[in-house]
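Undergrad: just coords:
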């Protein structure tokens, strides 16, 4: 029986993944923010679902909780950094406090969790770290600059980490979902208070469409959970895993566009070395 540590299991991907893991006979330690959520989570299976109270932005608490899990529950085989949220607002109208809060959870929380489990995984020469990023860590849309910035950062950290820990038998995967039927665009979304009229023609329709699509997305979180379990079971899992037809389409278009732009400016690119 493997032990999974999944941050943010109250709803969305975290909850769907926890349910799938427990149903497969593995054990899940899930982080939540309230005692009520902890009790609700443990109803999944009194033996295999263990809730812990944790704010991933509190570094010392992260270290303490991970050490306690290792000692009292069991060796952590899989870490899933799922806790996070989206912030909506064009960059100019997004406050610096909102930018910092977005990175504190989506980036620094994941890094703190990762750094806390790594000494244990490295000592055992075994483990898998999964960072739930987004197709928004590869492609961008107006009005999600803080969110995209955080997910681009987590993509770079994940890819670098995969190279650093491969020799220790530790695997790293950045999972990049498209639009799934979670509360990401609904009650979980935080939105900037300021509204600059000049951006409304660009951003207004996108904001409206995102709200209207919430709860109607094509992506099924339960199928995403099953896909994540498959890569954990795989002998050679991917470093990047797109989830959803929209993610595949948008990312392929991004790669094609980037390749065309690189080709168009190649002469200027290669003309910047010293002549000698």
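TA: Looks like it arrived, so ask away. Just so it is clear, the model here is predicted, and its values are computed rather than measured.

Undergrad: the residue nearest to the spatial centre of the chain: what's it in contact with?
TA: Centroid-nearest residue in the chain, with C-alpha atoms, centre = their mean: residue 132, separated by 2.3 Å. Residues counted as contacts of residue 132 (C-beta atoms under 8 Å, 6 or more residues apart in numbering) are 13, 80-82, 84, 175, 177. Backbone N, C-alpha and C define where each C-beta goes, glycine included.

Undergrad: pick out whichever of those residues sits closest to residue 110.
TA: Taking C-beta to C-beta as the measure, residue 110 sits nearest to residue 81 out of those, at 3.8 Å.

Undergrad: that older thread, any of the contacts of residue 132 buried? List them.
TA: 13, 80-82, 84, 175, 177 (16 or more other C-beta atoms under 10 Å).

Undergrad: got those as CSV, with secondary structure columns?
TA: Shown next, in CSV, are the buried ones among the contacts of residue 132 (DSSP: H, G, I helix; E, B strand; the rest coil):
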residue, secondary structure
13, helix
80, strand
81, strand
82, coil
84, coil
175, strand
177, strand
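
Undergrad: take those residues and write them to TSV, including distance to residue 54.
TA: Formatted as TSV, those follow (distance: C-beta to C-beta, whole Å):
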residue	distance to residue 54
13	17
80	14
81	12
82	12
84	14
175	21
177	23
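
Undergrad: of those, closest to residue 28?
TA: Residue 28 has its nearest neighbour among the buried ones among the contacts of residue 132 in residue 80, at 9.2 Å by C-beta to C-beta.

Undergrad: tell me the bridge partners for the closest one.
TA: Taking DSSP bridges as the rule, residue 80 bridges to residue 6, residue 130.

Undergrad: could we number from 465 for the rest of this?
TA: Fine by me, first position is 465 from now on; the one you just mentioned is residue 544.

Undergrad: straight-line length of stretch 596-607, end to end?
TA: With C-alpha to C-alpha, to the nearest Å as the measure, stretch 596-607 spans 21 Å from end to end.

Undergrad: can you pull the buried residues of it?
TA: 596-604, 607.

Undergrad: mind listing which of those are in strands?
TA: If you go by DSSP state E, the buried residues of stretch 596-607 have residue 596 in strands.

Undergrad: now, which of the buried residues of stretch 596-607 lie within helices?
TA: Secondary structure from DSSP state H places none of the buried residues of stretch 596-607 in helices.

Undergrad: sort the buried residues of stretch 596-607 by pLDDT and name the bottom one.
TA: The member of the buried residues of stretch 596-607 with the lowest pLDDT is residue 607, at 92.
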